[in-house]
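*Asks:* The following block contains a protein sequence and its predicted model.
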Amino acid sequence: QTGAVTLSPGATACVQQYASYQVRGDGWASRSVKFSLKKNGVTISPVPAGTVWAQEFRSSYGTFPGPGVYQVCAFNNGTQTASVQLQIRTDGEF
C-alpha cells in the first residue's frame, strides 16, 4: 500500500496493512519529517527526523515482532508544509 500526501505542520499520515511474517516500510519527504513503524498502533521503530527512511523486519532474520496490523507513519514536526510519500509492503510483496 502506498500513499502520497501533503502534511501541514503538526499533521500525521499513515498507511497500514496486515503482516504475517515480514514487513517493510519506506518513506520520502520534501522536508524533514519523523517517520515511524507501528504494530497494532504501538511504535516499534521511531527514527530521527529526516527526508528518506526505510525499515524492515523479517522472520527469516529473527527480527519480525509477530503478526499484526502494521502502519508506516510520517509526522510533520517542522514549521512548513511537506510533501510525503509512504509505502508499506508485507509478506510476499517483497
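*Replies:* Received the coordinates, thanks. Residues are numbered from 1 along each chain as shown.
*Asks:* which residues touch Tyr70?
*Replies:* Tyr70 sits next to 16-19, 23, 25, 37-39, 88, 90 when contact means C-beta atoms under 8 Å, 6 or more residues apart in numbering. C-beta coordinates here come from the backbone N, C-alpha and C atoms, glycine included.
*Asks:* One more: Pro67?
*Replies:* 18-21.
*Asks:* Which two among those are spaced furthest apart?
*Replies:* Tyr18 and Tyr21 (11.0 Å; C-beta to C-beta).
*Asks:* neighbour count winner among the two?
*Replies:* Neighbours were counted for Tyr18 and for Tyr21 using other C-beta atoms under 10 Å; Tyr21 has more, 14 against 11.
*Asks:* correct me, but Thr6 touches Ala82?
*Replies:* Yes: judged on C-beta atoms under 8 Å, Thr6 makes contact with Ala82 at a distance of 7.4 Å.
*Asks:* tell me, what's touching these two both at once?
*Replies:* By C-beta under 8 Å, 6+ apart, no residue touches both Thr6 and Ala82.
*Asks:* of the contacts of Tyr70, buried ones?
*Replies:* In the contacts of Tyr70, burial by neighbour count holds for 16-17, 19, 23, 25, 37-39, 88, 90, counting by 16 or more other C-beta atoms under 10 Å.
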